[in-house]
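**Student:** A predicted structure for the sequence below; I have some questions about it.
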Amino acid sequence: AVFTSVEYAAECIGKAWMVELIGDCAKFIIGGPYECSDHAYRACVLGASIVEVCQRVARRLHIDLSVRVGIHTGRVSAAVTASRMPRYLIYGRDTHVVECLEAAAGRNQVLASAATAEALGGRWPLREAHEIALTDGSHVKAWAGGTALEEEGAMRDARALFPALHDLLAQFACDPSPVSSAVTQRDEVFVLGGRGGGALRREEEQEQEQEQEEE
């Protein structure tokens, strides 16, 4: 449910896609081979959306669920590896930087690098946090999100800019029992719709009706 919703959030924002999913860790690229002058802004919107999705899922299911997000602006090398089970992978020092930012973030916190803060040009509320040590002995300066009120305003603007993202996040804000939407249909385990196996049973009934018609 979480990864499905997060990946759909990236689709709603545009020019963003998941390149790796290892265990409970997902890695996204914003821009990549496409011209994207506002990649830093889109990355911050995605980071805040990831936190919001996880918090809303946790409240809906009454579970202890949190997430950490790291954002960095830099250069990477990319390649498709293997032939039987090909994978699209990204390499480079900047991938290590973003991994360290994610590891240093607190619960439900987004940490961005100074490079991302500079690329934003003040478009997203950030405050200077602290330096993060990398495994090679160097350091990067981390920037955390602004106040709750500032981030709420920034997300309100982002929802207006990306209407599909607004629709996705709105699914978590309403009573789960009557929800029936495209977002629910996208979710393999039907958590967002709050209907358990209802959607699956409806599909089975439709298949049975189709088989009877063919007979």
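**Tutor:** In hand now; what should we look at?
**Student:** Rank the helices and strands of the protein by mean pLDDT and give me the bottom one.
**Tutor:** Lowest on mean pLDDT, DSSP states H and E among the helices and strands of the chain sits helix 182-186, with a mean of 31.
**Student:** Please name every helix or strand in contact with the lengthiest helix in the chain.
**Tutor:** Ordering each helix of the chain by length in residues (DSSP state H) puts helix 39-61 first. Counting contacts by 3 or more CB pairs under 8 Å, 6 or more residues apart in numbering; DSSP states H and E, helix 39-61 is packed against helix 2-13, strand 16-22, strand 25-30, strand 68-71, strand 109-113, helix 114-120, helix 148-161, helix 163-171. (Glycine included, C-beta is placed from N, CA and C.)
**Student:** Nearest to Leu101, out of these?
**Tutor:** Nearest to Leu101, of all those, is strand 68-71, at 3.1 Å by CB to CB.
**Student:** Just give me the neighbour total for Ala148.
**Tutor:** 8 (other CB atoms under 10 Å).
**Student:** Look up how far Phe3 lies from it.
**Tutor:** According to CB to CB, to the nearest Å, Ala148 and Phe3 sit 26 Å apart.
**Student:** first to last residue in stretch 140-154, what's the distance?
**Tutor:** Length of stretch 140-154, first residue to last, CA to CA, to the nearest Å: 25 Å.
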